[in-house]
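> Quick one, structure for this:
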Amino acid sequence: MQNYRLDNQWDVELSFEEDGTATACHARLVGDRAPGAQGYGQAERNRADRPAYRVGEELAASRALRALAQQLRAQAADDITDVNRAPAYPSY
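Predicted structure coming up:
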């Protein structure tokens with residue numbers, strides 16, 4: 001594979017909201033040429049468990065990132081379909 005540099009950079013921004021038992025995470029791509037993709041994930045603590053905010057953040061973030069990845073894959077499939085004029089089924 002030939003090395004080349006793309007003049008493009010995307011960063012992932014994660015933001016959290018917590019209410020004591022539930023943690024929500026919004027994940028979105030940011031950058032001048034980043035696609036408008038975003039994902040949402042949530043985790044809920046069992047009331048019998050001790051509060052562990054980091055665990056809720058980790059679970060909510062992983063779910064938001066998975067949703068973001070699924071959206072990017074769907075956008076890529078749509079773009080491939082547009083270019084090739086045939087349905088695309090990208091593997092992952």
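> per-residue pLDDT, residue 2?
Looking at residue 2, its pLDDT is 69.
> lowest-pLDDT helix or strand in the protein?
Comparing helices and strands within the chain by mean pLDDT, DSSP states H and E singles out helix 53-84 as the least confident, with a mean of 92.
> Give the buried residues for it.
Judged by neighbour count (16 or more other CB atoms under 10 Å), helix 53-84 contains these buried residues: 56-57, 59-61, 63-65, 67-68, 71. In this view, the C-beta of every residue, glycine as well, is placed from N, C-alpha and C.
> Tell me which other helices or strands that helix touches.
Helices and strands in packing contact with helix 53-84 are listed as strand 11-18, strand 22-30, strand 38-44; criterion 3 or more CB pairs under 8 Å, 6 or more residues apart in numbering; DSSP states H and E.
> and of those strands, who's closest to residue 85?
In this view, these are compared for proximity to residue 85 by CB to CB, and strand 22-30 is the closest at 27.2 Å.
> Can you give me the buried ones in that closest one?
By 16+ other CB under 10 Å, the buried positions in strand 22-30 come out as 23-29.
> Using CSV, list the CA coordinates for that strand.
In CSV, the C-alpha atoms belonging to strand 22-30 read as follows (Å, rounded to 0.1, in the frame of the first residue of the first chain):
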residue,chain,number,x,y,z
ALA,A,22,-28.5,7.2,33.9
THR,A,23,-25.7,8.4,31.7
ALA,A,24,-26.2,9.6,28.1
CYS,A,25,-23.4,10.2,25.6
HIS,A,26,-23.5,12.1,22.3
ALA,A,27,-20.7,11.3,19.9
ARG,A,28,-20.1,13.4,16.8
LEU,A,29,-17.4,13.9,14.3
VAL,A,30,-15.9,17.3,14.1
